[in-house]
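**Q** show me the folded form of this:
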Amino acid sequence: MDTSVGRTTNVSDFSSAYYLLEGLKEIGIDYLFCNLGTDHAPIIEEMAHRRKRGEAMPDIVRCPHENTAAHMAGGYALVTGRGQGVLVHVDVGTANAANAMHNLYRSRLPVLLMAGKAPYTSHDELIGTRDTHVHFVQEPFDQGSLVRPYTKWEWTLPSGVVVKEALQRAYSIMQSAPCGPVYLMMQRETLTQHWSVDEIKRFPADRFGALAGAGADPELVAALADRLLTAQNPILITGYGGMDALAAGKIDELAQFAGIPIFEANSKSNISYESPCFAGFSPDKSLPETDVGLLVDVEAPWFPADVQLNEKTFWAHIDVDVLKLGSPMWTFPGHLRMQGNTGRILDQLLTALKAKATPGFKAAAAARLDRLKATREARLAHAAKLAADKGGVGAINPHYLMAELGKVLDDEDIVFNEAVTNGPAVLLQIPRRLPNTAFNTNGAGLGWSGAMALGAKLAAPNRMMVQVAGDGSFYFCNPCSVYAVAQQYRLPFLSIVLDNSGWSAVKQSTLRVYPDGEANAANEFEAELAPRVEFGKVAEAFGAYAEKLIDPAEVPAAIARCAKEVRGGRSALLHARVTRM
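**A** Okay, the predicted model is just below:
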């Protein structure tokens, strides 16, 4: 293996932690989002050492909470496609990061989570031995189990001599589709070991890269094209469609050529909402009439208990993960399944369809496009009607508020939608012309939107990042940590808190299961939260601008003031009292 980079230092003896930092930079890790502890002493020492020597290593972003660190890495990966490093403290830091690992795993976002482990020596046998109380209590039998369900790979570094090999292995796995988190654990004694540059082998990315997504079997593509040629009521359902530019473009191109309505069910990363084929966010009403359906990069295309499927529908599933191996149960239909790079497969399908297209097919597709135009106009009119009601004082209509927010956003700005029960208002009212500019994690862990907005801002400093959260989800975001990082690293973002004084999702879930139950009769849903909170004070404590919005007449001006502050370099929080749950 090539060791020329190591030899340029002219020093033959370095610690494992020194090579760890060098190896991270070699695999393309630009940032380490850190919440540091006693296990990181060797790494901290080598950070200072490398700075003194003028040697490259990832930039350090210190985060007061692990939830912030891990979700920031996710936001950076969302914009760039490249996973970054997260460094947390032994088992407790890993536990705090587990919520984020769940979200990132389910959202197909790569991140390299690293944690120390308690030292394994107690009598000063090796450098880094146990020297404080916590070293005796933070060693579980199975530290990796804290995040194992939500990582693609895990390992404990056995020796510093293989540190670069381990990093390359981790990188290759996290960046291979479907992307996701990996987890590396390291003990202090291992990090303090010294090795000569001749002993540390390098693993260049061009020789040990990630697995590239492939196309599909041409015979399967041809079979699907034949199905579409005779379809009368085809539909396409996606969820992650906007994450890949090629896939997003081919979804639209295929839909327009074949006259196929596009539904973004349980949206995670948006396609263009300006497509003439975009038909909304729920395919439920179309399912009984569908004769050919395409499931394209989607997790939950519908809720089976709520729909009536047509048993004669032919379903094709095109996805980088068609079997959903990370889920014990996943039983959506697929007569034909093609696993690979969605953009490439759709390009194959479009090419085959164009080659086979008859005048009759083209006429039928054109007729469907005309019907889709009317459907689109009706959907937009419905959205406008919902937004026309401004609500009242102390009960602003979220649809109106989101429609006004949409007016101040540029196409490139990114909306992080953690409004939960008010999430549909965000989707319906904010125009998103460009793919991947509206994101909602596919995970169930609340508290991601603020930190992901920060990570995205770090990756794209010229774009405005907007967090839209309910008051219930805002609590989970560790806002003190988020705003501290925003201030320290000059990452301004806009936060909109839709305050309905409770967890509406908890109330609605109870009503769905027990519509005529005792909780409904007594109006006791255990969902009410503190009604007189001043969320803006949290932001102000860290130098951000804040406003409380009660009167709907003030909505446009308040949004404009907050947006102006953010574009001027200062974070802003708009606390809006909306219709109660």
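
**Q** just say helix, strand or coil for residue 574.
**A** Here residue 574 takes the strand state, with states given by DSSP: H, G, I helix; E, B strand; the rest coil.

**Q** distance check, it against residue 545.
**A** 9 Å (Cβ to Cβ, to the nearest Å). Every residue, glycine included, has its C-beta placed from N, CA and C.

**Q** so what sits against both of these two?
**A** Taking Cβ atoms under 8 Å, 6 or more residues apart in numbering as the contact rule, residue 574 and residue 545 both touch residue 562.

**Q** among those two, which residue is more densely surrounded?
**A** A direct count of neighbours by other Cβ atoms under 10 Å for residue 574 and residue 545 places residue 574 higher, at 26 against 20.

**Q** quick one: residues contacting that one.
**A** In this structure, residue 574 makes contact with 494-497, 546-547, 549, 558-559, 562, judged by Cβ under 8 Å, 6+ apart.

**Q** 10 Å instead?
**A** Taking Cβ atoms under 10 Å, 6 or more residues apart in numbering as the definition of contact, the neighbours of residue 574 are 401, 405, 468, 494-498, 535-536, 539, 545-549, 555, 558-559, 561-563.

**Q** from those residues, which would you call buried?
**A** 401, 405, 468, 494-498, 535-536, 539, 545-549, 555, 558-559, 562-563 (16 or more other Cβ atoms under 10 Å).

**Q** now the residue sitting furthest away from the middle of the chain: phi and psi?
**A** With distances taken from the mean C-alpha point of the chain and given as Cα atoms, centre = their mean, the most distant residue is residue 123, at 44.5 Å. Note on residue 123: its backbone torsions stand at phi -120, psi 30 [degrees, to the nearest 10].

**Q** pretty sure it sits against residue 131.
**A** No. Because the distance of 11.0 Å does not satisfy Cβ atoms under 10 Å, residue 123 is recorded as not touching residue 131.

**Q** distance from the helix or strand harbouring residue 468 to the middle of the chain?
**A** Taking DSSP states H and E as the definition, one finds residue 468 inside strand 465-470. Relative to the centre of its chain, strand 465-470 is centred 14 Å away, using Cα atoms, centre = their mean, to the nearest Å.

**Q** over to stretch 230-249?
**A** Relative to the mean C-alpha coordinate of its chain, stretch 230-249 is positioned 19 Å out (Cα atoms, centre = their mean).

**Q** please apply the same query to stretch 225-232.
**A** Centroid displacement of stretch 225-232 relative to its chain, using Cα atoms, centre = their mean, is 34 Å.

**Q** do stretch 369-386 as well
**A** Here stretch 369-386 shows a centroid-to-chain-centroid distance of 29 Å under the convention Cα atoms, centre = their mean.

**Q** contacts for that stretch?
**A** Under the criterion Cβ under 10 Å, 6+ apart, residues 255-262, 273-281, 286, 397-400, 402-403, 424-425, 427-429, 431 lie in contact with stretch 369-386.

**Q** mean confidence (pLDDT) on it, please.
**A** The average pLDDT for stretch 369-386 rounds to 95.

**Q** what's the answer for stretch 430-439, then?
**A** pLDDT averaged over stretch 430-439 gives 96.

**Q** what of stretch 570-579?
**A** Per-residue pLDDT over stretch 570-579 has a mean of 97.

**Q** try stretch 45-52
**A** The predicted model assigns stretch 45-52 a mean pLDDT of 96.

**Q** can you pull the buried residues of that stretch?
**A** In stretch 45-52, counting by 16+ other Cβ under 10 Å, buried: 46-47, 49-50.

**Q** one more: stretch 453-464?
**A** Of the residues in stretch 453-464, those with enough neighbours to count as buried (16+ other Cβ under 10 Å) are 453-460, 463-464.

**Q** check stretch 195-204 too.
**A** Of the residues in stretch 195-204, those buried by neighbour count under the rule 16+ other Cβ under 10 Å are 195, 197, 200, 202-203.

**Q** could you tell me the end-to-end distance of that stretch?
**A** Chord length of stretch 195-204, first to last residue, is 20 Å (Cα to Cα, to the nearest Å).

**Q** stretch 545-557 now?
**A** With Cα to Cα as the measure, stretch 545-557 spans 14 Å from end to end.

**Q** let me see the mean pLDDT of that stretch.
**A** The average pLDDT for stretch 545-557 rounds to 98.

**Q** let's have the buried residues of stretch 195-204 in TSV, adding secondary structure and distance to residue 105.
**A** Listed next are the buried residues of stretch 195-204 as TSV, based on DSSP: H, G, I helix; E, B strand; the rest coil; distance: Cβ to Cβ, whole Å:
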residue	secondary structure	distance to residue 105
195	strand	33
197	coil	36
200	coil	31
202	coil	29
203	coil	25
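
**Q** perfect, that will be all.
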